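Q: got a predicted structure here, sequence first:
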Amino acid sequence: MITILDTVGHSPLVQLRNLVDSDRYDIRLKLERTNPGGSIKDRPALYIVKEAECRGWLRPGGTIIESSSGNFGISLAMIGAARGYRVIILVDPKTTPTNLALLKAYGAEVIVVTEQDDSGSYHKTRIALANKLHREIPNSFRPDQCFSPLNGEAHYKGTAQELFEQCGGELDAVVLTVSTGGQVGGFSRFFREHAPNVKVVAVDAVGSTIFGGQAHSYLLPGMGLSWTPTNIDNLNRIDEVYKAPDEDSFMMCRMMAKHEGIMCGGSTGAGMVVALKLALQGESSKKQRIVCIASDNGERYLSTIYNDEWMLERNLDTTLNPTHLLERVSRLAPYSINPIETANYKPELEYLLDSPSRQYIADEAAG
């Protein structure tokens, strides 16, 4: 008998038919919304929980504590409900009402962190409080998605290999949006080892400083940090980095819904902007196969990205003109073609925030 968690993975790969001429361009989306928790985060969340159980870090009746404003927390809440764990998720004021409702529906306890960190976001203060609670609550476990190497390992062993097999080995480029770095770290390692001809393209939000640059506020959900996460352990495995604007990304989301019948989240819109750019600039003599990882479901953003009033309040374009979007996409330029030069690692953060992953790894090495 299968359980709900046995349905994680094996997401479909679909080709775009209407936004672009499919006879000239081969752009595909890997639809991670089909995971039971509704996003790609089910994969690393389940992988980390299983590893924690096997290694004795998470025991029956235990508590899972994590900092997450969205999908990873929802995935953990779903897994906790299925496996009988107490789940505590630390969110911030930017967390959408829909995500809060999903967390609570799965039975998670939600703590809203309102103190901003030195970058003006809430990432560091959320993480610090999660680590404090982990030290205080007996029999608790911190998945620690920002610092745990298991995050990237889940995609290296699972998602990337699954995609390559679905394509029959025929793949020219994969487009990955960046948050805690698990996707980019895992995919880039897999393709450099098994198919080095595949171009690995990372997409960040304008205003995020994962790859350096000027920090400022941005609206794209599920993307960005103020440092390069350690899950991206080797920037030389990435071929190009783009930074996608909020407006272009949201416009792409709405176009995908209207012209392809695909509802997607903001990060997928950002990735699709770059996937389309790569296709348009490709050699006319060769149709390249470009895959964008669609991380979650657009229904979670009906009150924001797909809401005209919300868009107009933020002076964002609500017109749905494919020609206009193509013009904007054509003007997008790579942020970096040598990502190693953009490194913004801050190794001191693991110590300053007291990352439990350091202790887990040390204990494992000590036997």
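A: Okay, I see it. Numbers count the residues shown, from 1 in each chain.
Q: residues contacting the nearest residue to Lys94 once chain neighbours are set aside?
A: Counting by Cβ to Cβ, 6 or more residues apart in numbering, Lys94 lies nearest to Ser69, which is 6.0 Å off, once chain neighbours are set aside. For the C-beta atoms, the positions are set from N, CA and C on the backbone; glycine is no exception. By Cβ atoms under 8 Å, 6 or more residues apart in numbering, the contact set of Ser69 is 91-92, 94-95, 99, 122, 126, 221.
Q: closest one of those residues to Arg17?
A: Pro221 (26.8 Å; Cβ to Cβ).
Q: pull the number of nearby residues for that closest one.
A: Pro221 is flanked by 23 other residues according to other Cβ atoms under 10 Å.
Q: now do Tyr85
A: For Tyr85, using other Cβ under 10 Å, the count is 24.
Q: thought Glu66 was touching it, still the case?
A: No: with contact defined as Cβ atoms under 8 Å, Tyr85 does not count as touching Glu66 (11.4 Å).
Q: return the subset of the contacts of Ser69 lying in helices.
A: Using DSSP state H, the subset of the contacts of Ser69 located in helices is 99, 126.
Q: dump the contacts of Ser69 to JSON lines, plus pLDDT.
A: Below are these laid out as JSON lines (pLDDT from 0 to 100):
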{"residue": "Val91", "pLDDT": "95"}
{"residue": "Asp92", "pLDDT": "91"}
{"residue": "Lys94", "pLDDT": "83"}
{"residue": "Thr95", "pLDDT": "87"}
{"residue": "Asn99", "pLDDT": "91"}
{"residue": "Tyr122", "pLDDT": "87"}
{"residue": "Arg126", "pLDDT": "94"}
{"residue": "Pro221", "pLDDT": "89"}
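Q: most neighbours out of the contacts of Ser69, which is it?
A: Arg126 (25 neighbours).
Q: wait, what's in contact with it?
A: Arg126 sits in contact with 67, 69, 90-92, 113, where contact means Cβ under 8 Å, 6+ apart.
Q: could you grab the helix/strand/coil label for Arg59?
A: Of the three states, Arg59 takes coil under DSSP: H, G, I helix; E, B strand; the rest coil.
Q: might you report the residue contacts of the residue found closest to it once you drop the neighbours it is linked to in the chain?
A: Nearest residue to Arg59, sequence neighbours excluded (Cβ to Cβ, 6+ apart): Asn139, at 5.9 Å. Contact partners of Asn139, counting by Cβ under 8 Å, 6+ apart, are 59, 61-63.
Q: which one of those is nearest to Gly271?
A: Using Cβ to Cβ, the contacts of Asn139 come closest to Gly271 at Thr63, 34.0 Å.
Q: ok, the closest one touching Ile88?
A: Yes: taking contacts as Cβ under 8 Å, Thr63 lies within contact range of Ile88: 6.4 Å.
Q: out of these two, which sits in the more crowded spot?
A: Using other Cβ under 10 Å as the criterion, Thr63 and Ile88 rank with Ile88 on top: 22 against 19.
Q: quick check: pLDDT value at that one.
A: Note for Ile88: predicted pLDDT of 98.
Q: after the helix or strand where Lys30 lies, next one along is what?
A: Counting by DSSP states H and E, the element that carries Lys30 is strand 26-31. Once the chain leaves strand 26-31, the next helix or strand it forms, by DSSP H and E, is helix 42-55.
Q: out of the contacts of Ser69, who's nearest Ser267?
A: Comparing those against Ser267 with Cβ to Cβ places Pro221 closest, at 7.0 Å.
Q: hang on, isn't the closest one packed against Gly266?
A: Yes: between Pro221 and Gly266 there is a contact at 4.9 Å, judged by Cβ under 8 Å.
Q: okay, and the common contacts of these two?
A: Taking Cβ under 8 Å, 6+ apart as the criterion, Pro221 and Gly266 both touch Tyr301.
Q: now do the SS call for Phe211.
A: State at Phe211, reduced to three classes by three-state DSSP: coil.
Q: OK, contacts around the nearest residue to it once chain neighbours are set aside?
A: Of all residues not flanking Phe211 in the chain, Thr342 sits nearest, at 3.9 Å (Cβ to Cβ, 6+ apart). Counting by Cβ under 8 Å, 6+ apart, Thr342 touches 211-213, 235, 241, 335-336.
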